[in-house]
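>>> Just to be clear, the model below is a prediction. Sequence and coordinates:
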Amino acid sequence: MRLALISARPTIANKQKNIQTMENYIKKTKADLYIFGEYFLTGDRCKDEFRDLAEPLDGPSVKQLKKIAKTNKCHLIFGMPCKDNTVDGLIYNAAVLIQPDGTVGAYRKWFLPNAGPFEEKEKTSLCSPPQ
């Protein structure tokens, strides 16, 4: 298995540009699994825009990335603010895995930093899982 660990700077609040960046790396580097960073879909310093940028796992950005994974027969891992399907307004910091067959899975970050430059609990609407 060939891994591509991508250390790139996403464009803040521009999902389409970040998807294009992901696709460009996939086209120029042959691998089975491409790993992009936390919040790569939206960029990390979005603050209040996270609510508008967040999508569910069946949202348009993930659908577009599923097509890219299928076309290139590869797995993708990337971070995004993810809307909860059952609790309105709940947003998670999620690491998403897309497989070439279109299967999508996600790990939702549980322990969120909230000190110094890290305001993750606030910017992702207290996105810890429901009690």
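Nice, I can see it.

>>> Can you check the pLDDT for Asp48?
Per-residue pLDDT puts Asp48 at 75.

>>> I'd like the distance from it to Pro56, if you could.
20 Å (C-beta to C-beta, to the nearest Å). Quick note: C-beta positions are derived from backbone N, CA and C, even for glycine.

>>> of the two, who's got more company?
Pro56 (11 against 8; other C-beta atoms under 10 Å).

>>> Just give the nearest non-adjacent residue to Ile77, would you?
Leaving aside its chain neighbours, Ile77 sits nearest to Ile35 (4.6 Å; criterion: C-beta to C-beta, 6 or more residues apart in numbering).

>>> pLDDT value on the nearest residue to Pro81 once chain neighbours are set aside, please?
What sits nearest to Pro81 in space, not counting adjacent residues and going by C-beta to C-beta, 6+ apart, is Ala54, at 3.9 Å. What the model reports for Ala54 is a pLDDT of 94.
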